[in-house]
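# what's the 3D shape of this:
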Amino acid sequence: MSQESMSMDGVKVGGLAAVPWKAAGLRWKISASFSALLLVLGSFVIGVVYYLTDSALRRQVELRASAIATNLSDAAAGHVARKNSLELDALIAKYGRLDGVAYAFIIGPKGDVIASSLQPFPAELKDVSLTRNQRVASSRTTSLRGQSAYETRVPLLDGQLGAVHVGLWAESVHSEVRATILPIVAAVALCLVIGVALSMAIAGKTIRPILDLKATADEISRGRLDTVVPVQSNDEVGELARSLERMRASLKAAMSRLNKA
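Numbers count the residues shown, from 1 in each chain. Predicted coordinates:
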C-alpha cells in the first residue's frame, strides 16, 4: 500500500500519521460517522438539484429557441415568398443579435442558404440532412467556432419554402445553471458545516456520562469503594451506572467481610 493511502490499522497519509479507527475516541467516531452521512446526503442533494435545474433550464432554452424560430418563420415567410432579399437579410440580422442567440439562417427547399446572420456561412453548420423532413420541427447540438450551440429548426410555411434555424449559445445555458446552482451549493455547504459542528457537540454531550462512569470505574479499581456512582438517566447508560453501583456495593461488602474475618 502506498504512503498516500490509509488502512484501518493506521498508516501515514501524505507523510502524516493517520489515526487508526479502532484507536480513535468515541466522540471522534460519532462525529466522523455523522459528518460522513451528512456529506453523502449533501452530495446527493446537490446532484439531484443540479440535474433537475439543468433539465429545467434546457427545457426553457428549447422553448425559447422554438419561440424565436417560430416568430422568425412567421415574419420571414412573406419575404421568402416574394424573394425580398434585402428585407430578409435585415430580419435575419435582427434576430441574430438577440441576447443568447448564436446564429439564425434560412434553408430553402433545395437545401440552399437563403439568408444567414453569419457571413460567410460557417462550413460546420452545413449538413446535408437539413434538407430532409423540413416540414418537421427538430433540434440538434452544433458547434460554431469551437463553442457549442443548441439549434432549433422550424418549418417555413409548412416546409414549402424551407426551414428556419436558430441556434442559442450553450454557454448561456451553463451560465444560468451555475447562477442557479451556486447559491444552493453554498446553502448546502453551510448546512454541512453546521451539521458537523452540531454532531461534535451532540457527540460530546452523549459520551459525557460514559466518561464520568469511566472515571468512577477508575476510582473503584484503585480501591476507593466509597466513590459514588452517578446515575443520570434511565436509558442504557443509566443501566450501566446502576450495574457499576451494584458491583461497587458488592466489592465493598466483600472487602468488609474479609476485614472482619
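# Which positions in the lengthiest strand in the chain come out as buried?
When secondary structure is assigned using DSSP state E, the longest strand within the chain turns out to be strand 147-155. Residues of strand 147-155 classed as buried: 149, 150, 151, 152, 153, 154, 155 (neighbour count, 16 or more other Cβ atoms under 10 Å). All C-beta spots, glycine's among them, are computed from the backbone N, C-alpha and C.
# what's in contact with that strand?
Strand 147-155 is contacted from outside by 58, 61-62, 65-66, 68-70, 72-73, 102-103, 130, 134-143, 163-171, 173, using Cβ atoms under 8 Å, 6 or more residues apart in numbering.
# on that earlier part again, would you reformat the buried residues of strand 147-155 as a markdown table and include distance to residue 235?
Listed next are the buried residues of strand 147-155 as a markdown table, based on distance: Cβ to Cβ, whole Å:
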| residue | distance to residue 235 |
| --- | --- |
| 149 | 63 |
| 150 | 59 |
| 151 | 65 |
| 152 | 64 |
| 153 | 68 |
| 154 | 69 |
| 155 | 73 |
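# Looking at the residues you listed, spot the one nearest residue 201.
Minimum distance to residue 201 across the buried residues of strand 147-155 is 48.6 Å, recorded for residue 150 (Cβ to Cβ).
# after the longest strand of the chain comes which helix or strand?
Counting by DSSP states H and E, the element after strand 147-155 in chain order, helix or strand, is strand 163-169.
# now for that next one, which elements pack on it?
Using 3 or more Cβ pairs under 8 Å, 6 or more residues apart in numbering; DSSP states H and E, the elements in contact with strand 163-169 are helix 26-82, strand 101-107, strand 147-155.
# chain center to the first one, what's the gap?
Going back to what we said before, that points to helix 26-82. Put simply, helix 26-82 sits 11 Å off its chain's centre (Cα atoms, centre = their mean, to the nearest Å).
# for that helix, what is the average pLDDT?
Averaged over helix 26-82, pLDDT sits at 84.
# what is the orientation angle of it with strand 101-107?
40 degrees (axes from the mean of the first three to the mean of the last three Cα atoms, to 10 degrees).
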